[in-house]
Every structure is written in structure tokens, then in C-alpha cells.
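[1] how would this look folded up:
(chains A and B)
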Amino acid sequence: MNILILDSWLREHLKTEAKPEEIGRYLSLSSQSVERTTKTHTGDFIYNIEVTSNRPDAFSVYGIARELSAVLPQNSLKTKLLPILEKPIPPVKKSLPLTVKIIDHSLVPRFTALVFDNVQIKPPPKVVQERLEASGIRSLNNVIDISNYLMLELGQPMHTFDYDKISKAKMIVRQAKAGEKITTLDGQVRLLPAGTIIIEDGGGRIIDLCGIMGGKNSEVDENTQRVLLFVQTYDPVSIRRSCQGLAFRTEAASRFEKGIDPEGVIIAMKRAVGLFKDWCGAKVASQLFDIYPEPPKPYTVSLKKSRLDQLLGVETKLTEAQNILESLGFETQIKDETIIAKVPHWRYGDITLPEDLVEEIARIHGYHNLPNVLPPISFPQKPLPILELEDKLKTALQYWGLSETPTYSLTNPLTQKKAGISPEGLLRLANPLSEEWRVLRTSLLPSLLEVVAQNIVFPTVRIFEIANVYLPQGKSKLPDERSRLGVMLADNGFLAAKGLVEIIFDNFNISNGHFIPPKTEEKIINPQKTADILVGKELVGRVGEVSQAVLAEFGINRPVAFLDLDLAALEKLVIPIKTYQPVSKYPPIIEDFSFVVPPKTLVAEIVQSIKQVNPLIISVELIDIYDQTRTFRIIYQSKEKSLTDKEIVLIRNSIINRLEKDGVRLKGAA
Amino acid sequence: MIKNQINNLKNEAIGEILEAKDGKALEEIRARFLGRAGKINELTREIPKLPKEERAPLGKLLNETKLTVEEALWQAHEKFQAGKEKKEWFDVTLPGQKPSLGHLHLITQATREIVDIFSRLGFKWVRYPEVEWDWYAFEGLNMPKNHPARDTLETYFIEELYHPKLGKGVLTPHTSSGQLREMEQTKPPIRMLNIAKCYRRQSDVSHSTMFYQFEGLVVDEKINITHLKGTLDYFFKQFFGPERQARIRPFHFRFTEPSFEVDVSCSECHGVGKQEGGEVCRVCKEGWLEIGGAGMVHPNVLRNGGIDPEKYTGYAFGWGVERVLMMKYGIGDIRLLFDNDLRFLEQF
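    Numbers count the residues shown, from 1 in each chain, chains lettered A, B, ... in the order given. Okay, here's the model as predicted:
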């Protein structure tokens, strides 16, 4: 969260020789990040500072001054933090009454209130108006501005009620019940989420949406004479939940939900006493109501020198570390090479571990003052095998002319339906941002068809994606995330896509790959021109042409071939090292045969039949197709001897006899 | 006698070769001298008729003559060919016949660069689940339930996915979930580079609902802040250029202590924050560009990963792949990367 801080206001709390530019630089390097320093038309400077969520104590002018009082001297810039101008709370002879009932103290760790009388409502001093406006807050009147001014200066949000509008001067702090409503200061009627901390007055009216915004019915207006100043801390989780439930957040709320130091409450109260007197001419008219049943106990954190050196990587002097901690408000002592640090109340909860102290010491010492050292090398290892396969495959596909188009894993259920995939079986987001990103895909193909459709104007579209798909495995098991390759070749047919599979198998040394007609017929495939891809008996993917029906759904008017390969399965089948096969010393004998085959005969089966005839057949290759004629080139070779004509004749006849059983007839040996 | 005949024959042949006008003439000469019924063969047939002692030296001479003529013929042939090549016109500006070449996505290219840079430091490239239990994404990383740190991560939840011990099923909003997975599998020394898809419930010019992060995790004895600083500086100089510098600033994350925000010096103003004319640099914040978070692994996270935080220390960093590549290639809108317009993709 960001805060805007005026240089002149900052210097009211900090005496320093640092220039604004130096303040910006060193604050960024050692504390909170200054995103911009801008010069105002009056010659002042505004720092725009991002304060991290663990540092509500630095979310104020004073908090930043306190940080700078530790940071700047470390960079040789003389700096001194000035004390907060507190006024004592004067005793009153007869206090105006206030009855308070707190239902659950854990929700309101500290409750304080003080009544002022003789309040004159008017504009605040000009400098206050200017400071508020420079910080992004509108000046309203002197009373309301006190609360905003001190919120910015000290980080403690506060609220002011018109005391006379609190019925029976009674406050019941409780949690809202479902259905209750409040009209807040901005005039909005807000339905309260159950559990929201609220205040009910003696008349049963809800007068405050605690920590977020006051009620309209108890606001300070131009007729107000008596003001109840209200300074509290609240349970951060409760405030946060209410803000989420209301979808509404204020400056005050965003501070309360990060946690406010209950010890700071009285400091803010005492500072307010002075301002009420100076700006409003008011006087204190009640005792201080302070309900604080369980003040946090002071505690220490210990840090061994060895641990400090271990994390810092340089040898430190404990006395230097001690000085740094002292400059940040820790009380310290050194015992047995260990710093024992009493944590300042504004850092309670944030500093609990030795490592927290290391961070304090290191940042003030300056990370930029530490050297850059490379870590020692230790047993470098190869990437996960699947990542290596994906990476090599990407290179290969690129050089085979395909372009990579990564798409979202989250898809629109409609896209799945268009491709014939039922979205019901997919993992679904419980809180989607839009219907476009709703279900986790189990196939890459629908998304890739969208890319084809999008780029249909281009003459060639040859695209691929390698990504995980998410296969559900029940309600208490994570899905099976499997890496797949998806390819779309627009204007190409089955054989082009199949060729891609074959060359992938060649390239990765995967043997025993074959293709069979599809076992299942989904809507997305053209069943005549699609094959299941097997390696051995394992199904590893599918290749083919996209059906006309699905192409039409996606508005694609060209034929498209696809490939869908399970890389997670394939990765286990890759033979990474090719073993050397001795080359035969004896010459091969090569013969071409043309066969006439019956309709619907599969070439792969003929090849298989021929190969099984004799181990001396080392290669069978289809070299020509014409009508029902298939021409094969057969190579015979032995590793032991030169083959004689007599031996070849025997094998040749066995081939012809074997094929005749399937009605495949020799046309003539070429 | 026959020796003279051989020498005459040689001179005759070479003379004719030198005077030949074209390749056709050369072919004619070859046939006449070297052919099956050519003059050299004619003489060869005479050799056996000679006295025994003359046969060897004359046979040798005849062979040499044959080689000399062949050599002369080849040289003359070369001469004619060269002349012919010089005359034949060819348009070298015709387009070549290229093998096909596709394009790898910028994210893949950047990922490779990142992997390459870190592998030289011995980091192992891994990938962990994208659909993950709350424990790995939050709780085990020292982010208790109801902690505001969870809000900033804008997490997607999966319908009905729930583990009684590990909590709800989420889409990982960061690669840090891989830290615990790695620690469960590998005992120190750990050098992990986890690159994976992440998801957050937001989408605008600088946020894509799906994006990639790369996460480095080093756990070992004697690992300290100076090693983190060294690693960052090394990476930026390798990835962005040798003149770039890294700096770390204090920040807050639940799973690291101390935590840092990491900046790289601006390429436009070189860390000054002002342009040459003195105007504020439009590219950066005061001379530096934010890259992302880093820190020393929180002792609770080490403990949750089964590692003794007294003995081992570690550092981690996790940044957007898109973020660093957009800075490198000057791309302003992250959504372009997932738009899959081939006119964009084919530029890289």
C-alpha cells in the first residue's frame, strides 16, 4: 500500500541534513520503497512510498521519520528524530458519562475515548488543509481533520462522534447479526455481513461501522458542541473479513486490517488533546475511558553472532549490530556472543525470530554494502527427462517448419463442446474470472483449432503446442498432469501428419511404433482418415484429419490434419543411447515386387507378413502404389555369408506363398 | 627403333591435343591414341615380340606415354569446360530452395536462455504441478489461513477438489509451491530451477491470467545473502547485458526472511532516473526496474520441507518469464504473447 508524505511535514519530526533526493534513495535501499519523489508548486517535495504489509508502524509521517533516523546516519547524514508533541490529559472535576459494554474483548484489544466540550467547528489552519490535500484527503472541518491528520502523522486511525447524538451516552460494542444495516458517513446504506464489529447506542441504533466508517446518525456537524474522540484497535482479521464482505475499504480500514500498535493509542490521544485545544478551542470534559484488559507483554529476541554471520556471509562486529538495533528502538545487551534485543512495542508481532533481527541489521547496514558472490557449484544435474524431451522436440518441430502457439490451459466449456468434448468431465474453477477461462482442458486440440480459425487467412498454418493436460483423478487426488504434443496442419492430409509421427519416432529412436484404425470414434475425427498410434501395445496418441462437422463448428473451411501425442508416455519409450550394430561384410540382395491386393488390404499388414517369413529379410519398403498394385522393395542380407541365388529363390517363394493366403498375388518381379 | 616410335607418338598426340578446337576434337584424339584399336594399343601388341631384355623398359615407357597423353587430354578438357562455365548466364538473385523453418514462441526462447544461464551454475531444471494443494501453495510456505498475503495472489480454486490434510485444490499462483516439492524429493545440496505455468484471477495490460514463472531455490550449508546477490547480478548481466546491475531492497514475503525486492538498472537512463535533457525517465522508477521478489528461505519453510534450518540455509527467487522477456524485447502488452497471431509470432 502506498502513502504520500510531504517533505516539510516529515522534517517537523526529523532534523536532518539529508536532501530530498538522498532521503528517497536511502529509504528505498534500507527501508520502504520510494516509488517517486515529486516537487510541488510551492517548492516542497512529495514522497510516494510503498509500505509493506508487515510494517503498519511505518505507514505514517512519524513512522517514516523513525525509520530515517536509523537509515540516514548509517549513510553519514546527521539526523535526529524529534519527540512527538504530546499534551498530558488534564484531570476533570466532573466527568461527562460514558457507559461502555464490550461483548468480545478479543475483537477490540484496546478501547479509549475522551469527551471534549466547547468545540468550535470551523476550518482548520491553512497548513493542515494543504497537508491533507497533498496526502490525498479532503479537508472537511477542524474536528474531522484532526482524526485524519493524526492518522497520517502517527498511523493511528481515530473517529469523532457528536457526543450528544449517542443515545444515553451508552455504547455496546458487538458483532452484527445477519440482515442489520447502517447508513455510513458517505450516505450509503450498507448491509452488514454477520460478524462485523459495530457499536449500538443506548437507543438501539447502530452508530458505527467500527474501524471502517462512522454512522451518519452520530456524525459531527456544524452544530456540534461536544465531541467524543474515539481511538481503538481492532482484530485485523475481523476488519479484513468485513471489508471483503462489504466490498468496501477505507484508509482507516486498510490500517486496522494490518494491525495497529495498542501502545500507540495513548500517544495519539495525547497528541489530539493539544490539537483540540489549539484548533477548536475545546477543553477536555471527561475522564479518559481506557479499556485494555490484556496489554501485550514485552519480550526479547536473541541472535547469536554465528547465525548473523551465517546468513550475512560476512564477518560482523556485534557492537555495530547492536548500534543498528538501538537506532531502531530496540533495547539490547550482548551476552556470550549473542545479542538479546527487547522489541519496541511498535514492532510487536513483526519481530519474533532471530532471522527478523538479521533482516533489521542487514538492511540498515545496507544490502548494497554486501559483496556479490556466486554460490559454490554442487553436482549439476540434467533437467527432468520430460523437459529434455519437450525441448528437443520443439527444436525438431521448428526445423520441420512448424510454429509454436501456446494457448491457455483454462478454456471455455463451449470450445470443448464444439470439439465434441463434454465439459462435465473436466476440472472446473470455483471462482472463474470469466467463462472464457472456466475449465482445465484434457486435450490440446480444441484450443489449437481456435488458433487455426484465427489465422485462417494465411496460406499455410502449421502449428504446434506442447503443454500439460489435466486428467481428473477424483475429489481428493490431484489430477494427472500429462505433457502432450498437439499439431494442426491446415491444408494437409493424413499422410503429412502421420509422416510427422514417423520422423519423431526416428528422431527419438522409438522402435516398434505402428498405426491402427481408431478404437473409438469421437466427433472431432474423420474416422476413415484417423489412426491410433501405438508403441508396442501402448496407446501413445492419435493422428488424422479433423471431421468436417468440427471444422464447421470452428468456422474453418479448409482441410486440417492433426496429431495428438502423449509425451508423458513417450518419454519412457525413448531409447536414449543407440547401441552399435555391426555392419554386415556381405553384400545385400535387393528385389522389387509388385503385388495386386484385394480392396481394404492394409499395407502395414503385408509388410509385417513379409518380414515374418525369414530373418534374412532385413528391410521391406513400399515404393509405389497404383490402383490395387503395391510395389515393395525387399532387401535380403546375412551377417555370416554371401547369399546364393538358390537361397534367395527359397525365401522369395515363401513370401509369395505366404501372401497368396491373404489373396495378395504377385504381379511380376521387376 | 620402337623407342623412337613411342616418343614420336607422344609428341604427335600432344601436338594435336594442343591444337584441338573443342571437346569433340579431344574425343576424336582420345579414340585415335588411347582407344581399344588406338595407336598406343597397337604398339603394346608389339612388345611381346621383342627380345626379352627390351620388353620391361619399353613396356614401362609405353605406360608412361599413355599416362602423359591422358593427363594432357584431361587438362585440355578442363580448359574447355572452364570456358563453357564462364559463358553460361545464371540469375543468382533467384530465391534459394530453403528447407522449412518454423518459429518457437518467445516464452520458449526466453525459457531456454534462463535455463542455459542457470544450468551453468548447476541448477537443475524441473517442473511441479500446476494444480496443487493449499499446503504447498500457501500454508507450508508460512502463509496461514486468513493471512492478507493470500489476497494479493488472487488465487483460483478448483471446484470440489479437497484433501483432508493438505487443504483445497488451487491453481498455483506462483512457482514457490515447487520449493516444498523439491525439498521433499531432494536432500541438500539443492539447486532447483522450477519453470511452470502460474495462474491468477486477473487480466490486464501487465497481467495475464495464465503466465510463466521461474523459481530458483538453493539450499546448502553456508549459503548466505552474498550468494543471492551474486546470482542475481550474474543473471542480469547474462540475460540483459553486461552493463546492467542488480540491487536488492528490503521487502516482505511470508516465505523468506529477510525478503527482498529485486531491481535491475534501467536500460534507458542507466540507473540515473533522468533522461539526458534532465526530464524524468519514462521507463523506470528512479533509475531502476522492478523484477520481482527474492529472499533467504524462512526457517519455517525449511522445517516444513523436512530440512534442519540450523544446519542449512538457502535462498529463493521467483519472477515472471514474460516480465523479463517483455523488458528485453520491448513488448508492452503481455496479452500479445498469448494472442497467437502468426504475424506477431513469426517475428521472433
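[2] Give me every residue in the stretch 151-300 of chain A lying close to chain B.
    A:236-237, A:240-241, A:257-258 (C-beta under 8 Å from any C-beta of the partner chain). In this view, the C-beta of every residue, glycine as well, is placed from N, C-alpha and C.
[3] between these, which has the most around it?
    Counting neighbours by other C-beta atoms under 10 Å in any protein chain shown, residue A:257 leads those with 26 neighbours.
[4] if we can go back for a sec, now tabulate the residues of the stretch 151-300 of chain A next to chain B in a markdown table and tack on distance to residue A:144 and secondary structure.
    Below are those laid out as a markdown table (distance: C-beta to C-beta, whole Å; DSSP: H, G, I helix; E, B strand; the rest coil):
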| residue | distance to residue A:144 | secondary structure |
| --- | --- | --- |
| A:236 | 24 | helix |
| A:237 | 28 | helix |
| A:240 | 25 | helix |
| A:241 | 27 | helix |
| A:257 | 22 | coil |
| A:258 | 23 | coil |
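[5] Among those, find me the one that's closest to residue B:168.
    residue A:241 (17.7 Å; C-beta to C-beta).
[6] The closest one: what's it in contact with?
    A:193, A:195, B:146 (C-beta atoms under 8 Å, 6 or more residues apart in numbering or on different chains).
[7] Show the buried residues in the residues you listed.
    Listed as buried from the contacts of residue A:241 are residue A:193; burial here means 16 or more other C-beta atoms under 10 Å in any protein chain shown.
[8] Residue A:426: which of the contacts of residue A:241 is nearest?
    Among the contacts of residue A:241, and counting by C-beta to C-beta, the member closest to residue A:426 is residue B:146, at 30.1 Å.
[9] Nearest residue to the middle of the chain?
    Using chain A. Closest residue to the average C-alpha location of chain A: residue A:433 at 14.4 Å, with C-alpha atoms, centre = their mean.
[10] other chain: chain B
    Note on chain B: the residue nearest the mean C-alpha position is residue B:112, at 6.6 Å, using C-alpha atoms, centre = their mean.
[11] OK, contacts around that residue?
    residue A:391.
[12] What's the first helix or strand after the helix or strand encompassing it?
    Assigned by DSSP states H and E, residue B:112 belongs to helix B:106-119. As assigned by DSSP H and E, the chain's next helix or strand after helix B:106-119 is strand B:124-126.
[13] For residue A:421, list the residues it contacts.
    Residue A:421 touches A:442-443, A:446, A:522, A:524, counting by C-beta under 8 Å, 6+ apart.
[14] Low-confidence regions, the stretch 151-300 of chain B specifically.
    Along the stretch 151-300 of chain B, the model assigns pLDDT under 70 to no residue.
[15] Next, please give the residue ranges for the helices of it.
    B:177-185, B:225-239, B:299-304 (DSSP state H, counting those that start in this stretch).
[16] that older thread, of the residues of the stretch 151-300 of chain A next to chain B, which pair is most distant in space?
    For these, with distances taken as C-beta to C-beta, the pair at the greatest spread is A:241 and A:258 (13.9 Å).
[17] sorry, back to before: turn the helices of the stretch 151-300 of chain B into a markdown table, including distance to chain A and mean neighbour count.
    Below are these laid out as a markdown table (distance: least, C-beta to the nearest C-beta, whole Å; neighbours: other C-beta atoms under 10 Å in any protein chain shown):
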| stretch | distance to chain A | mean neighbour count |
| --- | --- | --- |
| helix B:177-185 | 11 | 22 |
| helix B:225-239 | 4 | 22 |
| helix B:299-304 | 6 | 20 |
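[18] Tell me if I'm right that the residue nearest to the centre of chain A and residue B:210 touch.
    No - between residue A:433 and residue B:210 there is no contact under C-beta atoms under 8 Å: 10.9 Å.
[19] give me the number of residues near residue 46?
    Just so you know, I chose chain A. Counted by other C-beta under 10 Å, the residues lying close to residue A:46 total 20.
[20] not quite, I wanted chain B
    13.
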